[in-house]
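Q: the following block contains a protein sequence and its predicted model.
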Amino acid sequence: MKDTFASSAAERGLQARSDLMLPEHRSFTRPRRFSTEQNDRITDAEMVMDEGIAVSSTPFRDDVDLPAVAPRDLWPLLHEQEPGKDQHILEGSQAAEDFRTTDVSRAFDLLRTRLRQTVKQHGWVNIGVASPTAGCGNTFIAANLAASLARVPSSRTVLMDFNMRTPGLAKALDMDASQTDNLRDFLAGDVAISDYILRVSDTLAVGLVATAQPDASEILQDPATAASLTEMRASLRPEIVLYDLPPLLSHDDAAAFLPQLDGVLLVSDGTQTMAKHIAECERILDGQVPLLGVILNRARASSIERF
């Protein structure tokens, strides 16, 4: 069973399609994750299809003791930075207004709604956006999906650039990452949340990277990283945290971070991704984290189903 969305943006020459494909029955076993309170409980989940996006008939649960006093809400205290005018993703530019009228933008809204329904049903928060190889456009997908999520009133979305070897989120959003280029220190617990995370709007915050980190895999496997991200979620209270991840097949960075995720969206490129690439990614994800769907970017016009 497939559920497909397709569209095109003339300015960028892009066509996007979401192929949300999973076997109708599939089991995943969740590994233990680092927690400052206690280890999370491992549960098995049988994956089923629900209107084109994979959901779990037995949702994962995080049985962590809640603190007696809830952490202070730091969202209003985040430093604000407006995106530049040289981008089409976030509001504030003519390009963004024009993009909102395209089929591609409507496709992202459709993906947003299905994702929100799924994470709300299972209490999930951490969603990774990855690709098999470099150049598939997962930063484009992650940024546009975050922008679509942020258009929901009274919501909160955090978008993190975790492609540390080749960060590109700041450029895509036309934002200055140099003032808060301390992801390593933030994950180590040496920089306050409000000194690193930037608030773009009342509903969207971002964590940017300006300087490449060649030891990204080691940073992501450090237990301090899990602790810092847990604290961030408790303090900012987002509905969804999107992680723009590096290619799954290029390095072990993304694989090292899988235990921290509740689900993964895989971005394939219609001009370069092969079936064997998808199969290898499924093998890496199997037993680690649910594959929520496969998004086909830069699809050929002849392969797009019209509605």
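A: Here it is on my side, so go on.

Q: center of the protein - which residue?
A: Nearest residue to the geometric centre of the chain (C-alpha atoms, centre = their mean): residue 242, 2.8 Å.

Q: can you list the strands that whichever helix or strand it is part of pairs with?
A: Taking DSSP states H and E as the definition, one finds residue 242 inside strand 240-244. Looking at strand 240-244 with DSSP bridges, its partner strands are strand 126-130 (parallel), strand 157-161 (parallel).

Q: run the chain-centre distance for that strand.
A: Strand 240-244 has its average C-alpha position 3 Å from the chain's average C-alpha position, going by C-alpha atoms, centre = their mean, to the nearest Å.

Q: who's the closest residue to residue 150 other than its chain neighbours bridged to?
A: Sequence neighbours aside, residue 204 is the residue nearest to residue 150 in space, at 3.7 Å (criterion: C-beta to C-beta, 6 or more residues apart in numbering). Using the backbone N, CA and C atoms, a C-beta is placed for each residue, glycine as well. Residue 204 has these beta-bridge partners by DSSP bridges: residue 157.

Q: assess the claim that residue 204 and residue 151 are in contact.
A: No - using C-beta atoms under 8 Å, residue 204 makes no contact with residue 151, being 9.0 Å away.

Q: more crowded one of those two?
A: The neighbour count for residue 204 versus residue 151, taken as other C-beta atoms under 10 Å, is higher for residue 204 (23 against 16).

Q: could you measure from that one over to residue 259?
A: Distance of residue 204 to residue 259, given as C-beta to C-beta, to the nearest Å: 26 Å.

Q: any idea which element residue 206 lies in?
A: Going by DSSP H and E, residue 206 is in strand 204-207.

Q: hmm, I was thinking of residue 163
A: Under DSSP H and E, no helix or strand contains residue 163.

Q: quote the end-to-end distance of stretch 256-275.
A: 23 Å (C-alpha to C-alpha, to the nearest Å).

Q: for that stretch, which positions count as buried?
A: For stretch 256-275, the neighbour count (16 or more other C-beta atoms under 10 Å) marks 256-270, 273 as buried.

Q: pick out the most distant pair among those residues.
A: Largest separation among the buried residues of stretch 256-275 by C-beta to C-beta: 259 and 270, giving 30.6 Å.

Q: and the buried residues of stretch 256-275, which is closest to residue 99?
A: Taking C-beta to C-beta as the measure, residue 99 sits nearest to residue 267 out of the buried residues of stretch 256-275, at 18.4 Å.

Q: phi and psi next, for that closest one.
A: phi -100, psi 120 (degrees, to the nearest 10).

Q: who's it bridged to?
A: residue 295.

Q: now do the contacts for it.
A: Counting by C-beta atoms under 8 Å, 6 or more residues apart in numbering, residue 267 touches 129-131, 136-138, 141, 294-295, 297.

Q: distance check, it against residue 151.
A: 21 Å.

Q: I'd like to know how many residues surround residue 120.
A: Residues near residue 120, counting by other C-beta under 10 Å: 11.

Q: before we move on, what about residue 188?
A: Neighbour tally, residue 188, other C-beta under 10 Å: 15.

Q: does it touch residue 224 like I think?
A: Yes - with contact defined as C-beta under 8 Å, residue 188 reaches residue 224; the gap is 5.2 Å.

Q: give me the distance between stretch 170-182 and the centre of its chain.
A: 18 Å.

Q: could you report the neighbour count for residue 137?
A: For residue 137, the neighbour count with other C-beta under 10 Å is 18.

Q: what residues are up against it?
A: Going by C-beta under 8 Å, 6+ apart, residue 137 touches 14, 131, 267, 269, 297-298.

Q: okay if I get those as TSV plus secondary structure and distance to residue 229?
A: Formatted as TSV, the contacts of residue 137 follow (DSSP: H, G, I helix; E, B strand; the rest coil; distance: C-beta to C-beta, whole Å):
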residue	secondary structure	distance to residue 229
14	strand	31
131	coil	22
267	strand	22
269	strand	29
297	strand	27
298	coil	31
